[in-house]
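Visitor: sequence? don't have it. structure:
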């Protein structure tokens, strides 16, 4: 089966800067609940695994040394909190999952653990967390720091962070701690609850988790890092991994490396689902789709696209000639984005102009355009060439892009036997992996409480 997620963000335009100007685009309505509930119902009708909500703390201010270009072209700013739209979307649906990005670099683990537990309850177990460590110095300055931590150091902090939240989610409350015994007047049995006591190089936490056990306890864990350090983190912790790149030559080695790393970490082959970024522009015929894509390209903001790319790579593209070849630079921003247009595919050399044109529709992933048959041929070929499990689908025009996928692409995939006809019941993890809780080989499971003596702690 080919799996589908929708790639969204609580902002205008997300991965297609400038398309907010398109007369049929609704992304400017992102501040209304109706925008999100309409989207949720549409995606559930299409049997999407979920909506993957991106987030960025900080502004894209690398381009020209200023946030002006990002502000002018709505390059992921203004942006609202992604977690707050989830309960409304959950109330409008029964099965759709929600993978929400939260940057752990600026979040106390004790408080984030409670928010995720709350969302797991309110969604009946349909919440996932995309674990990110950030890549913008502007975010660090906004949070009172001089700059962000070094790239690899961020993952060291993240490893310890995960140990804290695992202990809170998995070890603080027994499954039977909450009794709700009206006759005895006991809501929670204190003997079934214990404090977490963690003293580490980055975090010191002493306290009982504030939330009672939720359907999944630990949310489904997403991760998007494919640098060596990020790949190791994903191999240990992630259940779903998001990869992005413009060609199979870029994606296939990353997928193989992720699966090798997961196996070396003791994970089973089915414990990791990998979704590749893509954008679909579909029409009744190839000609209709080509005309639609040409129409969309007329609205692209190339400066907005370069503002995004500058933020992703830490390289100021405003200083480069449009016809200059992009050269690799190593810094503490995201590593994969720069690799995508420099050394990941040795058969292609990118100019700045080509980067702006490519990123302007759907970000750094491929654009598959055509009739339903043509698009599905392309999806199947990409899966065969890369080994991914499915796609994280960006939109061009909200919600027109997803409506086309639901109405045209999904039926064709179902006709080919490559897409489910119904949802599996139960929480998100059961829908994806056939179980409600993390597998026993996952590091979160190591924090499950085993009774030892009175006064236990985790």
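Guide: Arrived safely, thanks for sending. Every value quoted in this text rests on a predicted model; they were computed, and no experiment measured them. Residues are numbered from 1 along each chain as shown.

Visitor: which residues does residue 260 contact?
Guide: Contact partners of residue 260, counting by CB atoms under 8 Å, 6 or more residues apart in numbering, are absent. Glycine gets a C-beta too; all of them are placed from N, C-alpha and C.

Visitor: Strands of the protein, start to end?
Guide: For the chain, strands defined by DSSP state E occupy the ranges 3-9, 50-54, 97-103, 127-132, 178-181, 186-188, 196-199, 204-207, 220-223, 240-243, 273-282, 367-370, 390-394.

Visitor: For residue 338, which of the ones you listed is the nearest?
Guide: Among these, the nearest to residue 338 by CB to CB is strand 240-243 (14.9 Å).

Visitor: Counting by contacts, list what the closest one packs against.
Guide: strand 220-223, helix 248-264, strand 273-282 (3 or more CB pairs under 8 Å, 6 or more residues apart in numbering; DSSP states H and E).

Visitor: outside of it, which residues touch it?
Guide: By CB under 8 Å, 6+ apart, strand 240-243 touches 52, 99, 128, 130, 220-224, 226, 234, 251, 254-255, 258, 272-277, 336, 388, 392, 432.

Visitor: same thing but at 7 Å, please
Guide: Applying CB atoms under 7 Å, 6 or more residues apart in numbering, the contact partners of strand 240-243 are 52, 220, 222-224, 226, 234, 251, 254-255, 258, 272-277, 392.

Visitor: Drop anything exposed from the residues you listed.
Guide: Using 16 or more other CB atoms under 10 Å as the burial test, these include 52, 220, 222-224, 226, 234, 251, 254-255, 258, 272-277, 392 as buried.

Visitor: Could you tell me which residues make contact with residue 403?
Guide: residue 42.

Visitor: before we move on, what about residue 351?
Guide: 322, 323, 324, 325, 326.

Visitor: With residue 361 instead?
Guide: By CB under 7 Å, 6+ apart, residue 361 lies in contact with 16, 279, 296, 297, 300, 367, 396.

Visitor: so what pLDDT did it get?
Guide: Looking at residue 361, its pLDDT is 96.

Visitor: Please apply the same query to the one 3 residues further on.
Guide: What the model reports as pLDDT for residue 364 is 91.

Visitor: quick one: it and residue 244 touch, right?
Guide: Yes: at 5.1 Å, residue 364 counts as touching residue 244 under the criterion of CB atoms under 7 Å.

Visitor: So between those two, which is more surrounded?
Guide: residue 244 (27 against 21; other CB atoms under 10 Å).

Visitor: For that one, which residues are in contact?
Guide: 277, 336, 363, 364, 365.

Visitor: 8 Å instead?
Guide: Contacts of residue 244 (CB under 8 Å, 6+ apart): 224, 276, 277, 336, 337, 340, 363, 364, 365, 392.

Visitor: Among the residues you listed, which one sits closest to residue 315?
Guide: The nearest member of these to residue 315, counting by CB to CB, is residue 337 at 9.4 Å.

Visitor: So that closest one versus residue 245, what's the distance?
Guide: 9 Å (CB to CB, to the nearest Å).

Visitor: do the same with residue 395
Guide: Taking CB to CB, one finds residue 395 at 19 Å from residue 245.

Visitor: Run through the stretch 51-200 of the chain and note the low-pLDDT ranges.
Guide: Counting by pLDDT under 70, the stretch 51-200 of the chain shows no low-confidence range.

Visitor: Drop anything exposed from the contacts of residue 351.
Guide: Of the contacts of residue 351, these count as buried by 16+ other CB under 10 Å: residue 326.
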